[in-house]
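A.B. asks: Predicted model follows, preceded by the sequence.
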Amino acid sequence: MEPIHDMSAARRLLPRLASVGAIGASPWQRPVLSRQFWFDAFAFTLVATLLAYFSWGMSEMAAPIGRLASRPVSLALHHLPGYALRTTLRMLIAVLASLAFTLVYATLAAKSRRAGQILIPLLDILQSVPVLGYISFTVTGFIALFPGSILGVECAAIFAIFTSQAWNMTFSLYQALKTIPKDMDEAAFVFRLSGWQKFWKMELPYAMPGLIWNTMMSMSGGWFFVVASEAITVGNQKITLPGIGSYIALAIEQQNLHAIFWAIGTMIIVILLYDQLLFRPLVAWSDKFRYELTASQEAPHSWLLMLFSKSRLAKLLFRPLGWLSHRLLRIRLFKPSIATFQFSASEARLFDYLWYALLGLAGVVALQHLVVFLRTGVEWNDVRHVAWLAGLTLLRVVVLIMLASLIWVPIGVMVGLRPKLAQVIQPLAQFLAAFPANLLFPVAVMLISRYALNPDIWLSPLIILGTQWYIVFNVIAGASAFPNDLREASRNFRVRGWLWWRRVMLPGIFPYFLTGAITASGGAWNASIVSEAVEWGDKKYAAHGLGAYIAQMTEAGDFPHIALGVGMMALVVVLFNKFFWRPLYELAARKLRFD
């Protein structure tokens, strides 16, 4: 080996030789492994663990259905981790299906006025139909699709969870698309973006912060219906899927409080895991899509996002996805033509009249079939009685939504404007939203029994326990997306106190609050079925309302009266949304835009 005469070259070469052991350095003088190596190792371990988990979960879903009978749900603690993984996988698949449904349904409803006239009232009906109703109609079909396999029952459970998640996310994206700032439309016109490019590069990024917070709420809100979705009844046969929901149902049936506490502790761990591994990285990533001219001083951060941004292995693994998404976004689908055909005003009115006539005809036909069905076992006195019960439940829902708004809007704004506080509150809010409200029913029964309370009053708060979080998460999303330059302008002009709320913050978060209030209202109607009639052991209490009526008719198996109750609930929800919430939505779309 030739001697090195250039000392600077020798100094540069020395660390390299030492790192590979070419110089006889002692072990404690050798440098430790580089930070880049640990980034890559941790990222690889995390990705490999998630892939192994998904592989195991999918293999369990495709197992023969006889395994459910040979391995019944047990309250033994060592089964809880596996049950938690199975439930989490169902909820993840359901939330992905909800996201796909949201992108198609909300976009079509927001972009097409005539389609929106059908899709939005239909969405009001869908969110008011009880989740148990979806299970009873779909479980037989899913089992027939996959005979002899657990996959059919798994699909029925996933679909039930999907029905508790999709409506909230759909309303969020619809609200964002209806309030897109006009200058974004002008920018899309200047850059000659096609409809496909405009959606993915402008509209969806603008809606992303609110959509992520509503996805978070949907994921947590799905826990409320996990108990019902994992214990499915087909005819006289009850099929129970392994999961936290079925574990809680068995614990409630056996009145095992220790098992319930262990299930709650497992839920806390699961919520913390998907908060750190899924939602906190998404919240930090979506912060770059805020609609503002100046950057905020405090930005949310995520250790996982930092890890993948610094890991070369992660960049190598996800590079094909980045290349594919880049190619897809450059496709000029739905390219607007320069010369477009325009209808005259009279022709447009004619098409509107024909469209309304078609909708009216469809409504008359549906109403005729409903009347024929109800006449087999329902009288007009039943209809008047059910209408009166619907009015009582409507009064409860309106009062509870108002009280929840007065409490949670200021708290949500305070959390949303402070990213560091939001990072602390976020997992706590997810747990409170995920906490199954039916675990508090025994407490309500014992209090009503001990103090001889009126069920019509004291069962009412149970309706809002699980649905108030729609308001909280949407208000936090609205405050988080509030432009920082508007906050600085109000601070420079010294706008404070009630004037700040009335002129700055409340108008800014109003579209988001409307989304939360509408979904909370629909969820409250759904929750009234299990909240207006509760039991614990041999003690049963019921309030006067439509939810208790549907629950009692379901228990009795009276299908005509069940259809009457569900139809009345859907009718009241649609009319209330049509004449109260929709005008407010139009007001927000016209006057409360960030233009």
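C.D. replies: That came through, no problem.

A.B. asks: and after the helix or strand containing residue 272, which helix or strand comes next?
C.D. replies: Using DSSP states H and E, residue 272 sits in helix 257-274. Tracing the chain past helix 257-274, the next element assigned as helix or strand by DSSP H and E is helix 280-286.

A.B. asks: quick one: contacts of that next one?
C.D. replies: The contact list for helix 280-286, computed with Cβ atoms under 8 Å, 6 or more residues apart in numbering, reads 208-209, 212-213, 215, 299-302, 304-305, 422-423, 426, 480. From N, CA and C alone the C-beta is placed, and that goes for glycine too.

A.B. asks: just to revisit the earlier point, mind giving me the packing neighbours of the helix holding residue 272?
C.D. replies: Judged by 3 or more Cβ pairs under 8 Å, 6 or more residues apart in numbering; DSSP states H and E, helix 257-274 is in contact with helix 80-111, helix 244-253, helix 419-434.

A.B. asks: Now render the ones you listed as a markdown table, adding distance to residue 71.
C.D. replies: Formatted as a markdown table, the helices and strands packed on helix 257-274 follow (distance: least, Cβ to Cβ, whole Å):
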| stretch | distance to residue 71 |
| --- | --- |
| helix 80-111 | 10 |
| helix 244-253 | 12 |
| helix 419-434 | 26 |
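
A.B. asks: For residue 460, give me its contacts.
C.D. replies: Here residue 460 is in contact with 396, 399-400, 531, 543 (Cβ under 8 Å, 6+ apart).

A.B. asks: Low-confidence ranges, the stretch 351-500 of the chain, go.
C.D. replies: 351-352, 355-356, 359, 363, 366, 370, 373-376, 436-439 (pLDDT under 70).

A.B. asks: Which ChimeraX command selects the buried ones in the contacts of residue 460?
C.D. replies: Buried residues within the contacts of residue 460, by 16 or more other Cβ atoms under 10 Å, are selected in ChimeraX with:
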select :396,400,531,543
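
A.B. asks: is it possible to export the contacts of residue 460 to a markdown table including distance to residue 515 and secondary structure?
C.D. replies: Putting the contacts of residue 460 into a markdown table (distance: Cβ to Cβ, whole Å; DSSP: H, G, I helix; E, B strand; the rest coil) gives the following:
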| residue | distance to residue 515 | secondary structure |
| --- | --- | --- |
| 396 | 21 | helix |
| 399 | 20 | helix |
| 400 | 18 | helix |
| 531 | 23 | helix |
| 543 | 28 | coil |
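
A.B. asks: thinking again about what came up before, mean neighbour count, the helices and strands packed on helix 257-274: which tops it?
C.D. replies: Among these, helix 244-253 has the highest mean neighbour count (mean count of other Cβ atoms under 10 Å), at a mean of 22.

A.B. asks: buried set for stretch 308-325?
C.D. replies: Here stretch 308-325 shows 308, 311, 313-314 as buried, counting by 16+ other Cβ under 10 Å.

A.B. asks: just checking, which of the residues you listed belong to helices?
C.D. replies: 308, 313-314 (DSSP state H).

A.B. asks: Do you have the strands of this protein handy? List them.
C.D. replies: 231-234, 237-240, 533-536, 539-542 (DSSP state E).

A.B. asks: mind giving me TSV with those strands and columns for mean neighbour count and mean pLDDT?
C.D. replies: Output for the strands of the chain, formatted as TSV (neighbours: other Cβ atoms under 10 Å; pLDDT from 0 to 100):
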stretch	mean neighbour count	mean pLDDT
strand 231-234	18	68
strand 237-240	14	76
strand 533-536	19	75
strand 539-542	15	81
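
A.B. asks: okay, those in CSV with distance to residue 191 next?
C.D. replies: Formatted as CSV, the strands of the chain follow (distance: least, Cβ to Cβ, whole Å):
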stretch, distance to residue 191
strand 231-234, 51
strand 237-240, 54
strand 533-536, 57
strand 539-542, 60
